[in-house]
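Enquirer: Attaching a predicted model along with its sequence, questions to come.
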Amino acid sequence: MNTATVTAELPRGLRMTRWSPRLVRAELLKVRKRRGLLAATLALTILPMVVAYVILAILHGIDPAKHGPAGGARNFADSLNFLGALTIVAGILVGATVGTGDLGAGVFRELVVTGRSRLALFAARLPAGLAFLLVPLGIAFAVTGSAATVLAGPLDPPSGRLLLHSAGWLGLSAAVCFVIALGVSSLISSRGTSFGLLLGWLLLQLAGDGHLAAALILPLYYLADATITLTRRIIRGEPFWRAHRTHFYQRATDHGFTVPGIIARVVLVNLALAILAATTVMLHSVPASLAALVTGTAIVGWSLLSFTRPKA
């Protein structure tokens, strides 16, 4: 007896073709239980804004003549541009994760038992995922707007109209990216492929807006890992198109690193790269961009090198 047969034998009253608030709450609870996804969303929204304004305030405190106040309408616009880019990443990440939850969570078995249509589950994921995404995004925007106003000093703070328009644009951008990622990942059932395609489009857009350094820094860890691994396999004459276990994070398990330890280290490296990328966007300086690229390369190189050595 297959899935279609069992579902067909269910009484009509048990076939749920519409989502309900109860189903939305259940989907929201499942998303909230993903601690890694929650941590990544917070790291992509709230934390970069806090760090960016702390850096700007410190620079202003050290040399007020060279570095203006941390707040003001201009810094608000710059920080909002970067928050918008990070929001797109967060929306893609959440949407791709939620959209591919069917296979990992056994949802197809749930369809057989309850008779719910997959369309109803997809519809329930829309408000659940948006609620999960928009709460930290709202906090990040509140931090940005408050800092730009309080730390403006003699500069003009962002107006109320600008704040309202910016909040609406940011929320709409997050919602659109989430829905696109949710739809793409649901169709192809692959979070990695969906995230890679959409993130590549984002990085090209970021570079096209004049933030080339940030577009290079953000994916630097993965670019270095993939490039070095592929080059090494080609030089050794290995069939590089076949599956393998020679990425740095895979080799780290052979040197005594635990999986949680590897994940934590990669997350910290990417967080440092995100902060460096935010710094290049906020400072608008060629020397600062070059320094951030060198620093990011050093951090990534140290991380990859540590994975090739036995853990102390």
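Expert: Here it is on my side, so go on. All figures in this text were calculated on a predicted structure; none of them were measured in a lab.
Enquirer: Show me the helices in this structure, by range?
Expert: In chain order, the chain shows helices spanning 3-8, 21-32, 35-62, 73-99, 101-105, 107-114, 118-150, 160-188, 191-208, 212-217, 220-235, 248-253, 259-283, 286-307, with DSSP state H as the criterion.
Enquirer: Buried residues in the second one, which are they?
Expert: Residues of helix 21-32 classed as buried under the neighbour-count rule (16 or more other C-beta atoms under 10 Å) are 23, 24, 27, 28, 30, 31. Where you see a C-beta, it was placed from the backbone N, CA and C, and this is true even at glycine.
Enquirer: Using a markdown table, please lay out these together with pLDDT and distance to residue 262.
Expert: What follows is the buried residues of helix 21-32, written out as a markdown table (pLDDT from 0 to 100; distance: C-beta to C-beta, whole Å):
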| residue | pLDDT | distance to residue 262 |
| --- | --- | --- |
| 23 | 72 | 36 |
| 24 | 76 | 35 |
| 27 | 75 | 30 |
| 28 | 78 | 29 |
| 30 | 81 | 25 |
| 31 | 80 | 24 |
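Enquirer: can I get the residues you listed in JSON lines with distance to residue 53?
Expert: Listed next are these as JSON lines, based on distance: C-beta to C-beta, whole Å:
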{"residue": "23", "distance to residue 53": "40"}
{"residue": "24", "distance to residue 53": "35"}
{"residue": "27", "distance to residue 53": "34"}
{"residue": "28", "distance to residue 53": "30"}
{"residue": "30", "distance to residue 53": "34"}
{"residue": "31", "distance to residue 53": "29"}
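Enquirer: And these, which is closest to residue 213?
Expert: The shortest approach to residue 213 among the buried residues of helix 21-32 belongs to residue 31, at 33.2 Å (C-beta to C-beta).
Enquirer: Give me the distance between the closest one and residue 227.
Expert: 33 Å (C-beta to C-beta, to the nearest Å).
Enquirer: How is the chain partitioned into domains?
Expert: Per automatic domain parsing, the structural domains of the chain span 1-6+16-208, 210-312.
Enquirer: now the shortest one, how far from the chain's geometric center?
Expert: Right, the one you point to is domain 210-312. From the chain centre to the centre of domain 210-312 is a distance of 16 Å (C-alpha atoms, centre = their mean, to the nearest Å).
Enquirer: Same question for stretch 50-62.
Expert: Centroid separation for stretch 50-62 versus its chain: 24 Å, with C-alpha atoms, centre = their mean.
Enquirer: follow-up on the earlier one: out of the helices of the chain, which comes closest to residue 241?
Expert: Once the helices of the chain are compared by C-beta to C-beta, helix 220-235 is nearest, at 9.5 Å.
Enquirer: Export only the CA atoms of that closest one, formatted as PDB.
Expert: Presented in PDB, the C-alpha positions along helix 220-235 are these (Å, rounded to 0.1, in the frame of the first residue of the first chain):
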ATOM      1  CA  LEU A 220      35.800  34.100   1.600                       C
ATOM      2  CA  TYR A 221      35.900  31.000   3.800                       C
ATOM      3  CA  TYR A 222      33.900  28.800   1.400                       C
ATOM      4  CA  LEU A 223      35.700  30.200  -1.600                       C
ATOM      5  CA  ALA A 224      39.100  29.400  -0.100                       C
ATOM      6  CA  ASP A 225      38.100  25.900   1.000                       C
ATOM      7  CA  ALA A 226      36.500  25.000  -2.300                       C
ATOM      8  CA  THR A 227      39.300  26.500  -4.400                       C
ATOM      9  CA  ILE A 228      42.200  25.000  -2.500                       C
ATOM     10  CA  THR A 229      40.500  21.600  -2.300                       C
ATOM     11  CA  LEU A 230      39.700  21.500  -6.000                       C
ATOM     12  CA  THR A 231      43.200  22.700  -7.000                       C
ATOM     13  CA  ARG A 232      44.800  20.000  -4.900                       C
ATOM     14  CA  ARG A 233      42.700  17.300  -6.300                       C
ATOM     15  CA  ILE A 234      43.400  18.400  -9.900                       C
ATOM     16  CA  ILE A 235      47.200  18.500  -9.300                       C
END
